[in-house]
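Visitor: Pasted the sequence and its predicted model underneath.
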Amino acid sequence: MPLPTAPAKRAALLAVQEYDKPARARQPTQAPPTTPATVAAPEPSPSALMASGNEQTGRGRAAKSIAKAPAKSAQLAPGLGKQAERVAVGRTEEPVKASLPKPSALPDVKAKKTKRQGPSKLFVLDTNVLLHDPMCLFRFEEHDIFLPMIVLEELDAHKKGMTEVARNARQTSRTLDSLAGQQGSDISAGLPLNATGHRGAGGKLFFQTQLLNYTLPTSLPQGKADNQILGVVDALRIQHAPREVVLVSKDINMRVKSRALGLATDDYQNDKTLEDGDLLYAGSLALPPNFWTTHGNTVESWQQGAHTYYRITGPLVPSLLINQFVYFEAPGEPSLYARVTEIRDRTAVLKTLKDFTHLKNAVWGITTRNREQNFAMNLLMDPEVDFVTLTGTAGTGKTLMALAAGLTQVLDDRRYTEIIVTRATVSVGEDIGFLPGTEEEKMGPWMGALDDNLEVLGKTDTSAGEWGRAATSELIRSRIKIKSMNFMRGRTFLNKYVIIDEAQNLTPKQMKTLITRAGPGTKIICMGNLAQIDTPYLTEGSSGLTFAVDKFKGWQHGGHITLARGERSRLADFASEVL
């Protein structure tokens, strides 16, 4: 008796890899309409291919390979054992109707966020964490939070006043009140942190409702608040063993004492944008030496006005960002300085830059002296870029370039109506007390850097006489307004050129307040040196300037440049390196 014809499609055979998969439970829902199975081996062996000219040989080898597969596997998928047997002996003339879903219909395991395994922790918060970030209660994901009674007492002591600490204390108190006031809430059983709509918080909030017995070394005064919190952590560690109890504090000395007592402790890390300041986005990228070798065959170029555009495709494109500067410098080859203006899939468009190092392109008599300064000046003079951040060490020319670009666009181009300058009033040493006069007069001592740079810019026009320079100085002064940050709330700047100096001393909340003041046609420039932070509890990772650089990178109307080379004087450059 001749064997029946082989299946017309190779996909009708069950792949060998499917035998090793565990059995799937049947769903009680109605099964979808059956279709011919499309499960196939990723790379079929030559013996499994069925050529039309050799049906008997192909059918025999395929049946042999299927017949050997059950010996290696422990169990077939449900509902497929008999069908696989019929395929093995060649008794079927139709494609096998497998009950397994198609490979494209299999659930994507990577797309679904898996929940963390292991028991949740109990975090005891110090008062300074709540005063630093009022929303910190909702930053601990599935873990529980415990607040000692002494923490509530300290919150109550800090709630009076107009400082940011007092505002954070009042905000924390309102948050605690809203959590405790939810219907059906039980303080003794814990308050669900997601009751107010914060779905990211899956744990509970516990208050100290009873006295806890603990013993601290006699060298630690019992009446001090920090020592009472340490005692509470020690008592909770014994009470909830083997669950991990962790003290979270911004106070370094308290964390040291906690470790000395054998208690687990950690810093509040959620406010840090970056763990390491060296990972901050620099705004520029050096092209590899083999750039033209790897990308030269696919480069398209065209001329538009005074700029040349290059469209590149290759392995470099995924690492680029919009408004990021790229440069190529190699001995014996022409240099390339460009900015990324467009990214689509694996294709990027580069636009050559205007050379502000040449005297004919001087901005208010100022020419750039190095590569990074030229990159920064291209951002400052571009009307399509609304937000610019400049970082760098002392003497890199941040304030001078920002002022020169602002004066040119206000007085010559009439692009903006006036320049507004502000800065964080954080002193390096002891505070000198209250200052007399109006708002602008009070800000005068803080604006010494502005006066120094205006003096430099006033001497650039050598053709004008003494009277001409005096008139120019008065005109410049009339177009520059000095404002205090304390009165920025609620304002809207229209067609203004805003300079925020010493922005490294701002918190992320203050930075958000200033940037959101921008109205139509306004450009904001934030400048600062992350190595000169004078605000307490602020670091390079948690500074508002770092926060803004990280959040705005890749935005088509924002740009950033890190200035690396100092141009103030050889004394200032050497001091920045060795001191």
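Guide: Sure thing, it's come through. Treat the numbers as computed from the prediction; the structure is a model and nothing was measured. Residues are numbered from 1 along each chain as shown.

Visitor: On the pLDDT front, check the residue lying closest to I480 once chain neighbours are set aside for me.
Guide: Once flanking residues are discounted, I480 sits nearest to I419: 4.7 Å by CB to CB, 6 or more residues apart in numbering. C-beta: built from backbone N, CA, C; applies to glycine. pLDDT recorded at I419 is 92.

Visitor: In three-state terms, label I419 for me.
Guide: Assigned by DSSP: H, G, I helix; E, B strand; the rest coil, the conformation of I419 is strand.

Visitor: And for Y327?
Guide: strand.

Visitor: So in the protein, which strand runs the longest?
Guide: In the chain, with assignment by DSSP state E, the single longest strand is strand 336-344.

Visitor: what mean pLDDT does that strand have?
Guide: For strand 336-344, the per-residue pLDDT averages 93.

Visitor: If you count neighbours, what's buried in that strand?
Guide: 336-340, 343 (16 or more other CB atoms under 10 Å).

Visitor: Now tabulate the residues you listed in CSV and tack on distance to T196.
Guide: What follows is the buried residues of strand 336-344, written out as CSV (distance: CB to CB, whole Å):
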residue, distance to T196
L336, 54
Y337, 51
A338, 49
R339, 44
V340, 42
I343, 39
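
Visitor: contacting residues for F206?
Guide: F206 makes contact with 122, 144-147, 190-191, according to CB atoms under 8 Å, 6 or more residues apart in numbering.

Visitor: Tell me the bridge partners for it.
Guide: F146 (DSSP bridges).

Visitor: Please shift the residue numbers so they start at 31 in all later answers.
Guide: Yes, from this point I'll number from 31; that puts the last item at F236.

Visitor: Domains in this protein, by residue range?
Guide: Listed domain ranges for the chain are 40-135, 152-296, 309-382, 394-608 (source: automatic domain parsing).

Visitor: Select, out of those domains, the one closest to H388.
Guide: Nearest of the domains of the chain to H388, taken as CB to CB: domain 394-608 at 7.0 Å.

Visitor: end-to-end on that closest one?
Guide: From its first residue to its last, domain 394-608 covers 33 Å (CA to CA, to the nearest Å).

Visitor: And the contacts of F236, which is closest to R267?
Guide: L152 (9.0 Å).

Visitor: Any idea what that closest one is bridged to?
Guide: Applying DSSP bridges, one finds that L152 bridges with D174, V275.

Visitor: Contact partners for it?
Guide: 173-176, 236, 266, 270, 273-276.

Visitor: repeat for A424
Guide: Counting by CB under 8 Å, 6+ apart, the residues that A424 touches are 559, 562, 596, 598, 602, 606.

Visitor: measure the second one to P149 for me?
Guide: When you say that, I think you mean Q562. Distance, Q562 to P149, using CB to CB, to the nearest Å: 44 Å.

Visitor: Point out where this structure drops to low pLDDT.
Guide: Screening the chain residue by residue with the criterion pLDDT under 70, one finds the ranges 31-148, 301, 303-308, 456-465, 469-471, 474-478, 490-501.

Visitor: Of the contacts of F236, which pair is most distant in space?
Guide: Using CB to CB, these span at most 14.2 Å, a distance reached by L152 and L221.

Visitor: Now render the domains of the chain as TSV, adding distance to H388.
Guide: Shown next, in TSV, are the domains of the chain (distance: least, CB to CB, whole Å):
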stretch	distance to H388
domain 40-135	58
domain 152-296	46
domain 309-382	13
domain 394-608	7
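
Visitor: Ok, which of these comes nearest K302?
Guide: domain 394-608 (3.8 Å).

Visitor: next one: the closest one to chain centre, how far?
Guide: Relative to the chain's own centre, domain 394-608 is displaced by 24 Å; criterion: CA atoms, centre = their mean, to the nearest Å.

Visitor: Give the buried residues for stretch 331-349.
Guide: 339-340, 342-344, 346-347.

Visitor: ugh, wrong one, stretch 539-548
Guide: 540-541, 543-545, 547-548.

Visitor: How many residues are close by F405?
Guide: Neighbour count of F405, defined by other CB atoms under 10 Å: 26.

Visitor: any idea of the angle the one helix or strand it maps to forms with strand 366-374?
Guide: Under the criterion of DSSP states H and E, F405 resides in helix 401-410. For helix 401-410 against strand 366-374, the angle by axes from the mean of the first three to the mean of the last three CA atoms, to 10 degrees is 50 degrees.

Visitor: hmm, who's touching helix 401-410?
Guide: Contacts for helix 401-410 (CB under 8 Å, 6+ apart): 313-314, 353, 355, 357, 367, 369, 383-387, 393, 398, 415, 418, 420, 422, 426-428, 431-432, 435-436, 555, 589, 591-595, 597.

Visitor: Buried by neighbour count, from those: which ones?
Guide: 313-314, 353, 355, 357, 367, 369, 383, 386, 393, 398, 415, 418, 420, 422, 426-428, 431-432, 435-436, 555, 589, 591-593.

Visitor: next one: phi and psi at the residue nearest to A312 when sequence neighbours are not counted?
Guide: Take A312 and drop its neighbours on the chain: the residue closest to it by CB to CB, 6+ apart is T592, 4.6 Å away. Phi and psi for T592, reported as degrees, to the nearest 10, are phi -100, psi 120.

Visitor: Likewise for the one 10 residues further on?
Guide: Backbone torsions for A602, taken as degrees, to the nearest 10, come to phi -70, psi -40.

Visitor: Done for today, thanks.
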